[in-house]
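coords below, sequence missing:
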Ligand SMILES: Nc1ncnc2c1ncn2[C@@H]1O[C@H](COP(=O)(O)OP(=O)(O)OP(=O)(O)O)[C@@H](O)[C@H]1O
């Protein structure tokens with residue numbers, strides 16, 4: 001049941017996909033994120049920009065529950081991220097593409113198996129009942145990313161560009177509402193980066209994803225994003241790309 005459905009059933013939830021309220025994160029003995037608030041609408045593409053060490057990755061990791069936050073509130077699809085009962089449902093709606101992802105060669109996982117990790121059913125259902133459905137979803141996802149010929153290869157043997165495509169296949173293997181990217185195309189050459197973003201735009205349009213992305217590529221942010229958040233521990237600017245980039249990243 002998502003936020004729209006809960007509204008339909010008479011609940012009082014907002015139209016936002018993601019709401020971050022007054023979030024503060026401590027790492028070691030320092031506050032690295034302080035009092036950050038913003039909202040994300042369905043299908044919106046928002047970039048988080050800012051200097052090195054500004055707290056961008058920490059903010060995203062706290063939103064995803066990878067690291068703890070000390071103050072504030074995160075609401076995804078109308079559910080507080082702190083509720084264990086709804087967390088598996090909420091997590092299934094979100095995919096995260098980390099910075100510099102590389103599969104450890106000591107982990108013997110094939111590309112198809114890796115993509116399958118993105119496919120989830122509620123935990124109370126028996127997994128083997130869905131095996132056919134799952135295999136079909138993996139095959140379809142690999143086909144869409146032109147990775148069928150690599151399905152049985154170890155993940156760790158893929159090139160940088162192929163690894164990014166496998167990550168997108170992982171996102172695509174089931175319907176999702178939100179993609180969170182932490183400098184996802186880092187490490188690709190210019191052509192690879194262009195191909196990655198073209199693919200992302202195509203999939204965003206076809207899948208209806210909202211995107212929250214950390215980026216240092218200001219020209220691309222200007223051309224493709226709806227909103228920009230300039231972070232330097234706290235929010236320095238939030239608004240349309242033209243305005244934020246002119247004010248804070250000139
Ligand atoms: N595991 C950690 N323990 C302690 N401090 C950390 C840890 N990880 C990051 N930090 C510190 O938190 C601050 C914010 O780091 P973070 O990686 O969130 O910034 P960022 O804006 O994503 O940086 P970059 O653009 O360089 O990737 C930095 O000062 C960093 O040194």
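Here it is on my side, so go on. The shown structure was predicted, so the numbers you read here are calculated from the model rather than taken from an experiment.

what's downstream of the helix or strand harbouring residue 169, the next helix or strand?
If you go by DSSP states H and E, residue 169 is part of helix 160-172. Counting by DSSP H and E, the next helix or strand C-terminal to helix 160-172 is strand 178-182.

Kindly report the residues of this protein close to the ligand.
Contact residues (CB under 6 Å from any ligand atom) of the chain with the ligand: 27-28, 32, 50, 52-58. (Each C-beta comes from the backbone N, C-alpha and C, glycine too.)

one more time with 8 Å
Contacts of the chain with the ligand, taken as CB under 8 Å from any ligand atom, map to 27-28, 30, 32-33, 50-59, 61, 67, 99, 182-183, 214, 216, 231.

Show me how to select, in ChimeraX, the buried members of the residues you listed.
Buried members of those, defined by 16 or more other CB atoms under 10 Å, are picked up in ChimeraX with:
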select :32,33,50,54,55,56,57,58,59,61,67,182,183,214,231
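
Which ones among the residues of the chain next to the ligand lie within helices?
Among those, the residues falling in helices (DSSP state H) are 56-59, 61.

Kindly reformat these as CSV containing pLDDT.
CSV is the format used below for those (pLDDT from 0 to 100):
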residue, pLDDT
56, 97
57, 95
58, 96
59, 97
61, 92
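
Identify the residues contacting the helix holding residue 169?
With CB atoms under 8 Å, 6 or more residues apart in numbering as the test, helix 160-172 has contacts from 95, 97, 101-103, 111, 114-115, 117-118, 141-142, 144-147, 150, 155, 158, 179, 184-185, 187-188, 192, 195-196, 199-200, 203, 207, 209.

Tell me which of those fall in strands.
Here DSSP state E is the test, and the contacts of helix 160-172 give 95, 97, 179 as lying in strands.

Nearest to the spatial middle of the chain, which residue is it?
Central residue of the chain (CA atoms, centre = their mean): residue 180, 1.7 Å from the mean position.

Report the contact partners of it.
Contacts for residue 180 (CB under 8 Å, 6+ apart) come out as 60, 63-64, 94-97, 211-213.

switch the cut-off to 6 Å
Counting by CB atoms under 6 Å, 6 or more residues apart in numbering, residue 180 makes contact with 60, 96, 212.

tally of neighbours for the second one?
As a burial measure, the neighbour count of residue 96 was computed by other CB atoms under 10 Å and equals 21.

how close does it sit to the ligand?
Using CB to the nearest ligand atom, to the nearest Å, residue 96 is found at 14 Å from the ligand.

Quick check: closest non-adjacent residue to that residue.
residue 180 (4.8 Å; CB to CB, 6 or more residues apart in numbering).

partner residues bridging the one you found?
Taking DSSP bridges as the rule, residue 180 bridges to residue 96, residue 212.

Please tell me I have it right and residue 241 contacts residue 225.
Yes. The pair residue 241 and residue 225 passes the contact test of CB atoms under 6 Å, sitting 5.4 Å apart.

Show me the contact partners of the top helix by length along the chain.
Longest helix of the chain, by residue count under DSSP H: helix 190-207. With CB under 6 Å, 6+ apart as the test, helix 190-207 has contacts from 161, 164, 185.

Now do the buried residues in that helix.
Across helix 190-207, burial judged by 16+ other CB under 10 Å covers 192-193, 195-197, 199-200, 203-204.

again, but for stretch 182-189
Neighbour counts over stretch 182-189 (16+ other CB under 10 Å) mark 182-188 as buried.

Please produce CSV containing the residues you listed, extended by pLDDT.
Output for these, formatted as CSV (pLDDT from 0 to 100):
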residue, pLDDT
182, 91
183, 87
184, 80
185, 78
186, 78
187, 75
188, 78
